[in-house]
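# Sequence and computational prediction follow.
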Amino acid sequence: MKRILTLTSAFILLLAGSIALDAKKNAPQLIIFDTDMGNDVDDVMALDLLYKYMDAGKVKLLAVMSNKEGNGSERFLDILNTWYGYPHLPIGVVRNGAHRDDPSNYARTVTNKNEQGEYHFKTTVKDVSKLPDAHELYRKILARQKDGSVIIISTGFSTNLARLLSTQGDQYSPLSGRELIARKVRYISVMAGCFDGRANNQYSEYNVNNDIPACAQLYRECPVPIVTSPFEVGEAITYPAESIENDFTWAKEHPMVEAYISYIKMPHNRPTWDLTSVLEVIEPGKYMTRSLPGTITVDSKGVTTFRPHADGLHTYLTVTQGQCQRIRDFFVKVLTTPTKKKH
């Protein structure tokens with residue numbers, strides 16, 4: 001009898017372990033999205049991908065951080081969260097950042113008000129000036145997560161991440177920012193840089209160039225792997241204007257569509273820079289090719305250089321012409337899928 005009980009107990013333990021592994025395998029990936037929302041419209045489309053994967057239960061967005069200063073960006077994020085059905089998704093903001101300008105025409109269009117002073121699209125946050133600093137929100141959220149469970153996607157300036165790296169222990173965690181990232185973050189997916197040799201290897205890509213010290217610090221000090229989608233990848237994959245014009249009739253009004261149409265006079269096929277950094281996280285290794293490991297450095301002019309070596313923490317993405325077509329088709333399929341929230 002004792003042997004039977006022992007075997008039964010062992011079977012139960014094995015079964016419980018198998019269930020736990022399956023649950024972990026099927027659990028949504030935890031993601032923090034850091035964006036310069038309000039510059040190019042690809043940020044809106046990248047966030048649409050994440051919302052759609054949230055709808056499908058494959059992703060859990062923990063927060064959206066704005067690395068572009070100015071309430072046009074923060075209000076736009078609030079409108080998107082509200083419209084897609086995630087009105088209480090935390091938003092972090094950058095203050096006294098390296099990059100500040102007026103929001104682009106698409107941000108103004110989507111965040112405008114009517115004659116009664118009401119926003120065209122519904123909002124949730126009453127006062128965006130009271131939103132927390134992004135580096136503090138990072139600490140609060142990361143401290144609560146299991147070790148190695150979070151992926152950060154950065155599709156703008158590295159200001160927030162550099163500030164996080166420089167933080168010390170606080171009420172959320174005794175760990176420094178660097179230690180907190182090392183413990184809680186699996187890797188960081190970044191849209192930045194250029195590695196195709198243009199301008200005689202002296203090209204400073206936009207996201208890097210707007211806060212060169214922060215980007216250099218990120219690549220120099222980040223203790224976890226960084227996967228980089230460079231300028232040439234998103235440039236090679238353009239989203240078709242005819243999709244924007246024809247494939248969203250399921251929504252009476254759509255903030256992403258409004259943003260795309262008002263950004264540049266239609267019709268225009270838009271590069272998908274920021275979408276590629278999201279793609280490599282939600283469908284890792286399926287559509288693009290990663291380089292061998294190495295180290296990326298950023299010089300004082302914002303030029304990015306990759307040096308391969310076996311123990312490097314950095315890789316970057318490349319695409320073939322065939323991959324570009326597959327990715328374009330994937331983007332159209334996902335972005336045109338109706339949201340879980342009915343409109």
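In hand now; what should we look at?
# how about the closest residue to Arg290 other than its chain neighbours, what does it touch?
Excluding its sequence neighbours, the residue lying closest to Arg290 (C-beta to C-beta, 6 or more residues apart in numbering) is Thr315, at 4.6 Å. Bear in mind the C-beta positions are built from the backbone N, C-alpha and C, glycine included. If a contact means C-beta atoms under 8 Å, 6 or more residues apart in numbering, then Thr315 has 225-228, 290-294 as its contacts.
# With neighbour count as extra columns, can I get those in JSON lines?
JSON lines is the format used below for the contacts of Thr315 (neighbours: other C-beta atoms under 10 Å):
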{"residue": "Pro225", "neighbour count": "15"}
{"residue": "Ile226", "neighbour count": "22"}
{"residue": "Val227", "neighbour count": "22"}
{"residue": "Thr228", "neighbour count": "26"}
{"residue": "Arg290", "neighbour count": "14"}
{"residue": "Ser291", "neighbour count": "17"}
{"residue": "Leu292", "neighbour count": "11"}
{"residue": "Pro293", "neighbour count": "14"}
{"residue": "Gly294", "neighbour count": "18"}
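# Which strand residues bridge the residue nearest to Arg290?
Beta-bridge pairing for Thr315 (DSSP bridges): Val227.
# Equivalent analysis for Val150, please.
Bridge pairing for Val150 - DSSP bridges - gives Leu30, Val185.
# In which helix or strand does Ile152 reside?
strand 150-154 (DSSP states H and E).
# and Lys122, how many neighbours does it have?
11 (other C-beta atoms under 10 Å).
# so what's it up against?
79, 82-83.
# sorry, back to before: pull up the per-residue confidence for the residue nearest to Arg290.
Looking at Thr315, its pLDDT reads 98.
# what does Asn39 give?
So, for Asn39, pLDDT stands at 89.
# residues touching it, list them.
Contacts of Asn39 (C-beta under 8 Å, 6+ apart): 68, 104, 156.
# so which of these would you say is closest to His309?
If you rank the contacts of Asn39 by distance to His309 using C-beta to C-beta, Gly156 comes first, at 28.3 Å.
# And that closest one, how close does it get to Thr315?
20 Å (C-beta to C-beta, to the nearest Å).
# Reduced to three states, what does Asp40 come out as?
Of the three states, Asp40 takes coil under DSSP: H, G, I helix; E, B strand; the rest coil.
# Neighbours of Val332, how many?
Neighbour number of Val332 under other C-beta under 10 Å is 16.
# again but with Gly72, I slipped
22.
# In terms of helices and strands, where is it?
helix 71-84.
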